[in-house]
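Undergrad: Here's my sequence, what's the structure:
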Amino acid sequence: MSSMQQAEVQLNKVVEIFSTKEFPNFVKKAYLETEGKPSENWSMTNQLIQMLSNTSDSRTFKAWQEVGRYVKKGSKAIYILQPSVRKYKTQNEKNEDEEKSYMTFFATPRFRIEDTDGKPLPTHEPKTRPPLMELAEKWFSSILYTGTSMGEHGSYSPSQNALRLCTHDEGTFFHELAHKADDKNGNLETKNIDQNSEAYADGELVAQLTSNVLALLYGYDNTEYTGFYLSSWSKSKDPKKIGRKIMKVLTRVRQALDLILKEDELIQKEKQRKSITTMVEGQLIIVTEKEKQIWEKNTPKALREDPNWKIDFGTKLLSKSKKVEKVEKAIVGSITV
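TA: Below is the predicted model of the structure:
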């Protein structure tokens, strides 16, 4: 089997699961379980191919050697997609030579961690997943909860930068937030869009798959309508081109998730910074060893080394200079990581 034929086989694996109810879970696993691994920077299509091979970490033979591991004898490689630009010459309408190019793919081998042995890999702590309403309040000019007029659950208005929700369902909120992220990434067509167009269908599918992953992250399940999105979208596509269409959709999903989670992480860090600033301006009782560790971890280095400040863990009291004022109540709840 040629490298290009092998690439087609791998892409077909993604196509086969695309319309199944398990697809959102595969997308979630592909996105989350590659954190801290080389495949974190792969395309989501290749991450899915890897997950379908029952692994979340696969690397080249040499890459495993570099981290002190070796591929077991007799192990078979899995294959991911490697893009390749092919150029060719043709003649235009004026019979002049013209060079054009097209994108194709060939398969490149990787070996699963399950098929290696050697030094243990360092552990990677997953990112925390804070609530997203603060992000929505930052992104949208207005967020309105209104009644429904035509059975709709919610909508995003690009022209007014407004989020309208007709339900308290988290899935709807995630769906419309995903539209906004897709728009901020420059991928969402918003001008004179026809609801029967391919561009509209692509945008809806991106939003739904993104919302599925977000919902699963926060312990919800909004996959009830996803089967409809997937089946109706698939039926409208040319079977010969659907593999590439799926790749484009998954790229947009990945970009939307990255933008949402990274920007929300910045919001949470800023909240934490302000919380710490508030704490050091007054007195604070440190009541447990864990809170002591949290304090030392989060207090800016310049402040920790300032001789005007000290933490007397004998009396469990943070004080300024030698003047000690007892605090009647510990503000333990404001110490957050």
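Undergrad: any chance you could map the helices in the stretch 51-200 of the chain?
TA: Taking DSSP state H, counting those that start in this stretch as the criterion, the stretch 51-200 of the chain carries its helices at 61-66, 133-139, 170-184, 198-217.
Undergrad: To residue 110, which of those helices lies closest?
TA: Judged by Cβ to Cβ, the one of those that comes nearest to residue 110 is helix 61-66, at 8.5 Å. In this view, the C-beta of every residue, glycine as well, is placed from N, C-alpha and C.
Undergrad: Counting by contacts, list what that closest one packs against.
TA: Judged by 3 or more Cβ pairs under 8 Å, 6 or more residues apart in numbering; DSSP states H and E, helix 61-66 is in contact with strand 69-71.
Undergrad: in the strand it packs on, what's buried?
TA: 69, 71 (16 or more other Cβ atoms under 10 Å).
Undergrad: Next one, pLDDT for the closest residue to residue 193 other than its chain neighbours please.
TA: Nearest residue to residue 193, sequence neighbours excluded (Cβ to Cβ, 6 or more residues apart in numbering): residue 200, at 5.4 Å. The score at residue 200 is 89. That number is its pLDDT.
Undergrad: ok, residue 200 to residue 66 distance?
TA: 46 Å (Cβ to Cβ, to the nearest Å).
Undergrad: So those two - more neighbours on which side?
TA: Neighbour count, other Cβ atoms under 10 Å: between residue 200 and residue 66, residue 200 has more, with 14 against 9.
Undergrad: So that one sits against residue 190, correct?
TA: No: applying Cβ atoms under 8 Å as the test, residue 200 and residue 190 come out as separate, 10.2 Å apart.
Undergrad: ok, residue 45 - how many residues close by?
TA: 24.
Undergrad: And for residue 82?
TA: 13.
Undergrad: partner residues bridging it?
TA: Bridge pairing for residue 82 (DSSP bridges) gives the partners residue 106.
Undergrad: Select, out of the helices of the stretch 51-200 of the chain, the one closest to residue 271.
TA: helix 133-139 (8.0 Å).
Undergrad: Now do that closest one: everything it contacts.
TA: 143, 161, 163, 173, 177, 180, 184, 260, 263, 264, 267, 271 (Cβ atoms under 8 Å, 6 or more residues apart in numbering).
Undergrad: For the residues you listed, pick the one with the most neighbours.
TA: residue 177 leads these on contacts (other Cβ under 10 Å) with 26 neighbours.
Undergrad: Residue 173 versus the closest residue to it other than its chain neighbours, what's the distance?
TA: With sequence-adjacent residues excluded and distances taken as Cβ to Cβ, 6+ apart, residue 177 is closest to residue 136, at 5.8 Å. Note on residue 136: its distance to residue 173, by Cβ to Cβ, is 7 Å.
Undergrad: now do residue 155
TA: For residue 155 relative to residue 173 (Cβ to Cβ), the value is 12 Å.
Undergrad: Residue 28 too?
TA: 18 Å.
Undergrad: Then residue 145?
TA: Using Cβ to Cβ, which is the criterion applied here, residue 145 is 10 Å from residue 173.
Undergrad: what is in contact with these two at once?
TA: In contact with both residue 145 and residue 173: residue 165, using Cβ under 8 Å, 6+ apart.
Undergrad: which stretch of helix or strand covers residue 25?
TA: Here residue 25 sits within helix 23-32, counting by DSSP states H and E.
Undergrad: Is it correct that residue 75 is in contact with residue 111?
TA: Yes: using Cβ under 8 Å, residue 75 is in contact with residue 111, at 6.0 Å.
Undergrad: So which of these two has more stuff around it?
TA: For residue 75 versus residue 111, the count of surrounding residues by other Cβ under 10 Å is larger for residue 111: 23 against 15.
Undergrad: For the more buried one, which non-adjacent residue is spatially closest?
TA: In space, residue 111 is closest to residue 71, 4.8 Å off (Cβ to Cβ, 6+ apart).
Undergrad: The residue nearest to residue 187 when sequence neighbours are not counted: neighbour count?
TA: Once flanking residues are discounted, residue 187 sits nearest to residue 252: 4.9 Å by Cβ to Cβ, 6+ apart. If you count neighbours by other Cβ under 10 Å, residue 252 ends up with 23.
Undergrad: now residue 206: how far from residue 81?
TA: Using Cβ to Cβ, residue 206 is found at 20 Å from residue 81.
Undergrad: Between the two, which is the more surrounded one?
TA: Higher neighbour count among residue 206 and residue 81: residue 206, with 27 against 23, using other Cβ under 10 Å.
Undergrad: Tell me which residues touch the more buried one, please.
TA: By Cβ under 8 Å, 6+ apart, the residues touching residue 206 are 178, 182, 187, 188, 249, 252, 253, 256.
Undergrad: again, but for residue 144
TA: Residue 144 neighbours (Cβ under 8 Å, 6+ apart): 162, 163, 164, 165.
Undergrad: if we go to 10 Å?
TA: Taking Cβ atoms under 10 Å, 6 or more residues apart in numbering, we find residue 144 in contact with 154, 155, 162, 163, 164, 165, 166.
Undergrad: Just send these back as CSV, with pLDDT and distance to residue 119 too.
TA: Shown next, in CSV, are these (pLDDT from 0 to 100; distance: Cβ to Cβ, whole Å):
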residue, pLDDT, distance to residue 119
154, 86, 50
155, 90, 53
162, 92, 53
163, 91, 49
164, 88, 54
165, 83, 50
166, 77, 55
